[in-house]
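# Could you work out the structure for the sequence below:
(3 chains)
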Amino acid sequence: MADERVNKIIEILKKEYPDVKIALNYSNPLELLIATILSAQCTDRQVNEVTKDLFKKYRTPSDYIRVPQEELEKNIYSTGFYKNKAKNIKRLCEILVENFSGEVPDNMEDLITLPGVARKTANVVLSNAFGKNEGIAVDTHVKRVSARLGMTDNTNPDKIEKDLMKLVPNKDWGVFTLLLIRHGREICTAKKPRCHDCILNKLCPSAFTFG
DNA sequence: AACTCGGGGCA
DNA sequence: TGCCCAGAGTT
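Residues are numbered from 1 along each chain as shown, chains lettered A, B, ... in the order given. Prediction:
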């Protein structure tokens, strides 16, 4: 696939989902990390709503450590999995203070030692908070949407990641993932994709090919 | 590889 | 009312 077509797709999606950029406009890596953890299995709308208040009350790792876990649970309740998330965030902040001088580490090796943080969350933070494009987070949405758009012809996540790393300009890796996830949730769904409502349907080789 | 955490969105 | 979901950890 020509780079020009990929760039066009990215530009269209950026315009379609301007709040993806807003969502990335967290003032520091800790906020992005916590927002990413919270986003597991819930909508970005819920995360934005919750973090709006949360990030006023909690600014540093020490702030999260100071309060009882139950209070943190209340603050993030509506995002689901709230006990796990609260526990992980609290422990994660303790580790930041103990081992990383209170800073979010800027490399994969250290990031995935944190509770609740694995490759995918680490990649989102690396690319969007530190501008380090070590990889592209490939989840079910990225996998499905990129395949439908003809960006990869493979089903192996590692191969897909390599294909996409060749196609997508470095500076856009972090946003690219978030855009495809967003589009995959709202339009390019696994079942009954809404091709009629899809802003990419004229560019997409798979458009209107679903039962 | 299967199971668990979980409230919210949507048909 | 039932089904599904921006993940990660445990067994």
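
# Just checking, which helix or strand of chain A averages the lowest pLDDT?
Using mean pLDDT, DSSP states H and E, helix A:18-23 stands out as the lowest-scoring helix or strand of chain A, at a mean of 75.

# and after that one, which helix or strand comes next?
For helix A:18-23, the succeeding helix or strand toward the C-terminus, using DSSP states H and E, is helix A:29-38.

# by contact count, what packs against that next one?
helix A:44-57, helix A:82-99, helix A:119-129 (3 or more C-beta pairs under 8 Å, 6 or more residues apart in numbering; DSSP states H and E). All C-beta atoms are positioned from the backbone trio N, CA, C, and that covers glycine.

# what does that helix contact?
Contact partners of helix A:29-38, identified using C-beta atoms under 8 Å, 6 or more residues apart in numbering, comprise A:23-24, A:26, A:47, A:50-51, A:54-55, A:60-61, A:76, A:79, A:85, A:88-89, A:92, A:96, A:103-104, A:106, A:116-117, A:121, A:124-125, A:128-130.

# Out of those, which end up buried?
Neighbour counting with 16 or more other C-beta atoms under 10 Å marks A:23-24, A:26, A:47, A:50-51, A:54-55, A:61, A:76, A:79, A:85, A:88-89, A:92, A:96, A:104, A:116-117, A:121, A:124-125, A:128-130 as buried within the contacts of helix A:29-38.
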